[in-house]
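Participant: Build me a model:
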Amino acid sequence: EVQLVESGGGLVQAGGSLRLSCAASGFTFDDYAIGWFRQAPGKEREGVSCISRGDGSTYFADSVKGRFTISSDNAKNTVYLQMNSLKPEDTAVYYCLIRSEALLDYWGQGTQVTVSS
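Facilitator: From the prediction side, this is the model:
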């Protein structure tokens with residue numbers, strides 16, 4: 001059973017930083033992409049950032065470019081999202097996602113990020 005365990009959410013003032021972690025386990029596929037989505041109240045879930053295990057390529061939503069970075073520790077099957085210069089509009093539940101090479105998606109339970117103005 002694939003499991004994704006997220007941590008690192010919390011409350012921070014605007015301009016502050018947080019680092020989210022997502023540890024993946026229980027999977028057997030060799031190649032995958034892993035990353036983060038978020039969902040704010042009343043809004044659709046949106047992709048934030050992801051990284052490919054195979055070639056290390058990354059994706060960032062335009063709204064977080066220059067503020068967020070993503071990195072991974074393949075030995076630990078863990079991905080990190082460093083969020084800097086946080087804004088109130090970054091407030092959301094952040095979900096970790098791992099997508100297998102067969103395009104199967106597995107989700108974490110989510111972690112709340114709240115940015116106060």
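
Participant: ok, what's across the strand from the residue most central in space within the chain?
Facilitator: Geometric centre of the chain, nearest residue: Trp36, 2.6 Å, by CA atoms, centre = their mean. In this entry, Trp36 is beta-bridged to Ser49, Cys96, by DSSP bridges.

Participant: is it true that it touches Leu97?
Facilitator: Yes. Using CB atoms under 8 Å, Trp36 is in contact with Leu97, at 7.2 Å. Just so you know, the C-beta spots here come from the backbone N, C-alpha and C atoms, and that holds for glycine as well.

Participant: joint contacts of these two?
Facilitator: Cys50 (CB atoms under 8 Å, 6 or more residues apart in numbering).

Participant: what's near enough to touch Asp31?
Facilitator: Neighbours of Asp31 in contact, by CB under 8 Å, 6+ apart: 52-54, 100-101.

Participant: just to revisit the earlier point, give me every residue that touches the residue nearest to the centre of the chain.
Facilitator: With CB under 8 Å, 6+ apart, Trp36 has these contacts: 20, 22, 47-50, 70, 79, 81, 94-97.

Participant: can you check Tyr59 too?
Facilitator: 35, 47, 49-51.

Participant: ok, it to Val12 distance?
Facilitator: Tyr59 sits 24 Å away from Val12, taking CB to CB, to the nearest Å as the criterion.

Participant: repeat for Leu103
Facilitator: 34 Å.

Participant: In terms of neighbours, single out the busier of those two.
Facilitator: Val12 (17 against 7; other CB atoms under 10 Å).

Participant: Wait, a helix at the more buried one?
Facilitator: No. Val12: not assigned to a helix; according to DSSP: H, G, I helix; E, B strand; the rest coil it is strand.

Participant: Kindly state the pLDDT recorded for it?
Facilitator: As summarised for this prediction, Val12 has a pLDDT of 98.

Participant: just the one 5 residues further on next, same as before
Facilitator: The predicted local confidence for Ser17 comes out at a pLDDT of 98.

Participant: how much space between it and Ala23?
Facilitator: Ser17 is 20 Å from Ala23, by CB to CB.

Participant: need the strands for this protein, in chain order.
Facilitator: Ranges of strands in the chain, per DSSP state E, are 3-7, 10-13, 18-25, 32-39, 46-52, 58-60, 68-73, 78-83, 92-100, 105-107, 111-116.
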